[in-house]
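**Q** sequence unknown, structure follows:
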């Protein structure tokens, strides 16, 4: 089995992975994958995804090998497909990140070994979605019925699209807030609505009084055709302490990170800021994912 | 009505959406270097459609793959396979459930547009929409050609 898109797995499978990650995080479950090798092939920069995959592998008793594009035969003109065909012979499971959308699916087609998508352009990042759902479940003890506000560049952020899918799967109430012109694709919302039903509100100004979870993402400047437009939106777009004055005391603020300017650093010190805890949940969640895939 | 003489062997594509006939010829690779008779009638009167295009191509039998691509630009077109001056086979093209190795993903950032030998694959999702198997984006059928 591969994990390329959140569309590839159903609610029962997600629940099994989240339950396993919960047991791992609480030290109630040990994963022993001694002798197995994870290959991390990241053709694009990454801090959290790559390191937490490697950490997860080691904590699960595995070893990892790391492909570094700048020091590889890519520099001699080797294709992506040939790179995958080669590395699959060196490992038991591959984690792949690439700027081109569909690259992980192509890798899965090429490789007899399982492939996990670590992010393909603006398309999918399924383990991030699972971490987001896992974080909400760990912090709030449930997902169904929660009021979750998604704030940021909803047009370009793959994290946000996939999260809407995951939240709808579990029956959360979703509010979408974005700067003008950076709204989520209405066709995507229709698709999710058709599949799960969708309780969604769309706004342009934050009103956080009812929110249980505030999920913020950065303006994806690298995906803008006009860098000036991206810069001008980034200057205006920032969550400040006063925006939280009406918020619930137990509001959980999440962010896939990296954060740039979109959250006032003063918020980092507030108890509602849970994004570093969220990043740490990447390890048990990815342990659970690797274990689930190697068993299936 | 223009009169075009019948062909002995080849393909007649009728009921093409008005204005799409030239695109159908392009899809079939019929260009300046084609050696046999080709007729393109544009905006012909049609009881059913109001206006339609018709294409007649001598000596060329349309393949199933080509017929599927015709469906992308003009669903409902009628294919007539002519042999010995008779209609040997007649069928209406419809959008297939899956397109294998046909069309191009309009998303410039899709891996299929940079890894040249990747087989383009699209899965039909709605009446006239396909999802790229690789980049997962949804497109109108006519955008794929």
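**A** Perfect, thanks for sending it. On a predicted model such as this, the values are computed, not experimentally measured, just so you know.
**Q** Wait, a strand at residue A:40?
**A** Yes - Residue A:40: assigned to a strand according to DSSP: H, G, I helix; E, B strand; the rest coil.
**Q** In contact with it: list those residues for me.
**A** By CB atoms under 8 Å, 6 or more residues apart in numbering or on different chains, the residues touching residue A:40 are A:50, A:53, A:54, A:64, A:65, A:66, A:67, A:95, A:118. For the C-beta atoms, the positions are set from N, CA and C on the backbone; glycine is no exception.
**Q** Enumerate the residues of the stretch 151-296 of chain A near chain B.
**A** Contact residues, the stretch 151-296 of chain A versus chain B (CB under 8 Å from any CB of the partner chain): A:187, A:191.
**Q** Show me which pair in the contacts of residue A:40 is furthest apart.
**A** By the measure CB to CB, A:65 and A:118 form the most distant pair in the contacts of residue A:40, at 14.7 Å.
**Q** Neighbour count for the two, which is higher?
**A** residue A:118 (28 against 15; other CB atoms under 10 Å in any protein chain shown).
**Q** Excluding covalently adjacent residues, which one is nearest to the more buried one?
**A** residue A:97 (3.8 Å; CB to CB, 6 or more residues apart in numbering or on different chains).
**Q** those strands in chain B, which residues are they?
**A** Listed in chain order, the strands found in chain B under DSSP state E are B:10-17, B:38-46, B:50-58, B:78-83, B:86-92, B:98-100, B:121-126, B:129-132, B:138-140.
**Q** Quote the end-to-end distance of stretch A:191-210.
**A** One end of stretch A:191-210 sits 26 Å from the other (CA to CA, to the nearest Å).
**Q** among the helices and strands of the chain, which has the poorest mean pLDDT?
**A** Answering for chain A, as no chain was given. Least confident helix or strand, chain A: helix A:227-236 with a mean of 81, by mean pLDDT, DSSP states H and E.
**Q** I was thinking of chain B, sorry if that wasn't clear
**A** Sorted by mean pLDDT, DSSP H and E, the helices and strands of chain B bottom out at helix B:64-73, which shows a mean of 86.
**Q** What pLDDT does the model give the residue in chain B positioned nearest to chain A?
**A** Nearest to chain A, among the residues of chain B, is residue B:134, at 2.7 Å (CB to the nearest CB). With respect to pLDDT, residue B:134 has a value of 97.
**Q** wait, doesn't it sit right on residue A:102?
**A** Yes - using CB atoms under 8 Å, residue B:134 is in contact with residue A:102, at 2.7 Å.
**Q** Neighbour count for the two, which is higher?
**A** residue A:102 (32 against 29).
**Q** what residue is smack in the middle of chain A?
**A** Nearest residue to the geometric centre of chain A (CA atoms, centre = their mean): residue A:128, 1.9 Å.
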